[in-house]
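**Q** next input, structure requested:
(chains A and B)
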Amino acid sequence: MDLSAISPTLLVFALIVASTPILLAALGELVAERAGVLNLGVEGMMITGAICGFAAAFETGSPMLGFLAAAVGGAALSLVFGFLTQVLLSNQVATGLALTLFGLGLAAMLGQPYSGQSVPATPRLDLGPVNDIPFIGRVVFGHDWVVYFSLALAAAVWGFMKYSRAGLILRAVGENHDAAHALGYPVVAIRIAAIAFGGACAGLGGAYISLVRVPSWTEGMTAGAGWIALAIVVFGAWRAGRVVIGAYLFGGVTVLQLNLQAAGIAIPGEILSMSPYLITILVLVIISADRSRAALNAPAALGRTFHASS
Amino acid sequence: MKLKHIVTGAAAAIALATAAFAQDGEPVKVAFVYVGPKDDGGWSQQHHLMALEMVEHFGEQVEFSYLESVPEAESERVFTQLALAGNDIIFATSFGYMDPMLAAAEKFPDVKFEHATGYKTADNMANYAARFYEGRAIMGHIAGRMTETDRIGYIASFPVPEVLRGMSSAYIHAKKANPDVEMTVVWLGTWFDPPRESDATQAMIDQGIDVILAHTDSTAPLQTMEASGEEVWGFGQAADMIQFAPEPRLSSIIDDWAPYYIERVQAVIDGTWETGATWDGIAEGMVGIGEFSEAMPEEVRAEAQALMDSIVSGEYHPFTGPINKQDGSVWLAEGEVADDGTLLGMDFVVEGLNVDIPN
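**A** As a prediction, this is how the structure comes out:
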């Protein structure tokens, strides 16, 4: 019953570590969905990224190359989805689900030689005396580069969507692909690019689990993080800033409930375990209470198949 | 009497027929069902390796198949499928498979079912478990001796008897070794979720807990301890996890199922399979204790060894009174030893252990 046992510094630090994989994957999915593509294969791309990253980091000894390989692996898998849905015009929901199952199996196969192995740690930012500042030194300046990268990426996605012409075109494709096509924009190419970006981000998120958060390779280790990322995109109403808040909220509740249990707070374990999901649902209900606004946010062509002849 | 003879005779005839059948070169079909992936590095992997050992022992006499990561809630369908696929004996290796397996066993009286870590049996369903609490006693003792902060942690999955026995045994012996020790329990509500196992471990380390016993299936807790860079200790669980020795892994509880699997499959081949409940410990070899790490002081290693020896010789039972239940009521009087029935269905923890048992 001792709340003082919970150090705010360590709590916030752990929260950020727990949130980063979901944040990365959610940002990628956000871009894909803004282009009108609903890719339910996030979980499959994450776990593929997790094993590609782990294998590369193990073979080369460089976590940096590991993350690179994870992004490439995730993007490569997503291109399978891109080919099927954009070129062969298959159903996005079914293909996405298949991609998750395929990714889980593929990762399990690729990972056979790697279970039980260790990889070199991803270094944390070292600013000397700055790291000794209480709270800020650890929480703001004490992370590995991936954390800063994920936040920078969130800002970049936001800026891209809001201020760039390319972002406007991408959104146009997601809102009304026929109109975008009539204006001469290559709808399919843009969507495939968005899908690949989503895959690369999901791969990075997966690698953050296998290289930093756990760090080891175990089959099925993403344990549903991809589905959370999908929910966070809706939660964040397809906006980068809100996705950051959503991911940190989810990661925060997850870590907080474990800390509360470890501090001996007498809250039933089931309630604590389901609290991240409960809060996510609660916020979803609140933000969708105003139906007209919620509908405005969702890309109008989300999940719809495009063919130039139609 | 006559009827019984006939029935027994018929049973014997069928048994002989089955045996002959098996010897005719028709392999016995054996199936295993795991709750996690077969490469989890711990519980499910250990079952799988032991199953493979059994397969190697029998060679072409058996036809082996397995299903991994089978959710407990969906398992009845899986058992039914396996039975329909013509399996002669099906092993299920998680507590939560108990009732689904019992239901499947009723539907397929000719198929043999084997359930690990439960307490229910049927004419064609046996259960088997290992006395992990004996291992937990030794780990608890080591934990009590090794903690500097007097705070040890226990990462728990579900409040099933095996877990409640485990934490009680660990707590009793940690407390005996170090009267100031406090044990913190974190419930995860899952057997296998490496990121959450890691987060729980990190949360404990952050709060000054320096010895952590994990009762989940992956290597994530040890991995997190190793990566934390802090002076924290843990134990291998289900598998030796020797790759984390000498630090942070101090010792381990190793599940050795192979002899049991070989014996039971042999019984099916011979047609002598009978239901039953098997509960073996360190003495019988079903529970192995991993090598004590050099990171432990000589005297702690000696004490752990002595405790283990006394359990093996039968001279000491880890649940020997006086022990009270958590609510303060008397469970075991001075010198009284817990009976297997109570232990198998244990739904409480011992006094002093500050934990809320989820329903």
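**Q** do you know how far A:Gly246 is from chain B?
**A** Distance of A:Gly246 to chain B, given as C-beta to the nearest C-beta, to the nearest Å: 18 Å. Placement of C-beta: from N, CA and C, glycine included.
**Q** and that residue, that one's in a strand?
**A** No - assessed with DSSP: H, G, I helix; E, B strand; the rest coil, A:Gly246 is helix; it does not lie in a strand.
**Q** so it touches A:Ala237, yeah?
**A** No - under the criterion of C-beta atoms under 8 Å, A:Gly246 is not in contact with A:Ala237, lying 9.3 Å apart.
**Q** list the buried ones in stretch B:65-82?
**A** Buried residues in stretch B:65-82, counting neighbours by 16 or more other C-beta atoms under 10 Å in any protein chain shown, are found at B:66-70, B:72, B:75-76, B:78-79, B:82.
**Q** whatever residue of the stretch 51-200 of chain B ends up closest to chain A bridge partners, please.
**A** Of all residues in the stretch 51-200 of chain B, B:Trp187 sits closest to chain A, at 3.6 Å by C-beta to the nearest C-beta. Note on B:Trp187: beta-bridge partners by DSSP bridges are B:Ala156.
**Q** try B:Phe113
**A** For B:Phe113, the beta-bridge partners are B:Ile90, B:Met125 (DSSP bridges).
**Q** residue contacts, it?
**A** By C-beta atoms under 8 Å, 6 or more residues apart in numbering or on different chains, the contact set of B:Phe113 is B:79, B:89-90, B:92, B:101, B:104-105, B:122, B:124-126.
**Q** list just the nearest of the residues you listed to A:Trp217.
**A** B:Ala92 (26.4 Å; C-beta to C-beta).
**Q** and the gap between the nearest residue to B:Lys107 once chain neighbours are set aside and B:Ala31?
**A** The shortest distance from B:Lys107 to any non-neighbouring residue, by C-beta to C-beta, 6 or more residues apart in numbering or on different chains, is to B:Thr80 (6.7 Å). Going from B:Thr80 to B:Ala31 by C-beta to C-beta, to the nearest Å gives 12 Å.
**Q** okay, residue 15: pLDDT?
**A** No chain was given, so I picked chain A. pLDDT recorded at A:Leu15 is 90.
**Q** can you look at chain B instead?
**A** At B:Ala15, the model reports a pLDDT of 43.
**Q** what about A:Leu40, is that helix, strand or coil?
**A** A:Leu40 carries the three-state label coil when classified by three-state DSSP.
**Q** quick check on it: phi, psi?
**A** phi -80, psi 10 (degrees, to the nearest 10).
**Q** count the neighbours of it for me.
**A** A:Leu40 has 21 neighbouring residues, counting by other C-beta atoms under 10 Å in any protein chain shown.
**Q** surely A:Gly142 meets A:Pro123?
**A** No - using C-beta under 8 Å, A:Gly142 is not in contact with A:Pro123, being 11.3 Å away.
**Q** leaving out sequence neighbours, find the closest residue to B:Tyr260.
**A** Nearest one to B:Tyr260, counting by C-beta to C-beta, 6+ apart, is B:Tyr128 at 5.8 Å.
**Q** which helices and strands sit right next to the helix or strand where B:Pro259 lies?
**A** B:Pro259 belongs to helix B:258-270 when elements are defined using DSSP states H and E. Contacts defined by 3 or more C-beta pairs under 8 Å, 6 or more residues apart in numbering or on different chains; DSSP states H and E place helix B:258-270 against helix B:2-23, strand B:28-33, helix B:43-58, strand B:89-92, strand B:112-116, strand B:125-130.
**Q** which positions in the stretch 201-350 of chain B make contact with chain A?
**A** Within the stretch 201-350 of chain B, the positions lying close to chain A (C-beta under 8 Å from any C-beta of the partner chain) are B:202-204, B:206-209, B:218-220, B:223-224, B:226-227, B:243.
**Q** hmm, try it at 6 Å
**A** B:202-204, B:206-207, B:218, B:220, B:223, B:227, B:243 (C-beta under 6 Å from any C-beta of the partner chain).
**Q** pick out the most distant pair among those residues.
**A** B:Gln207 and B:Gln243 (26.6 Å).
**Q** what comes up buried for stretch B:308-327?
**A** Using 16+ other C-beta under 10 Å as the test for burial, stretch B:308-327 gives B:308, B:311-312, B:316-319, B:323, B:326.
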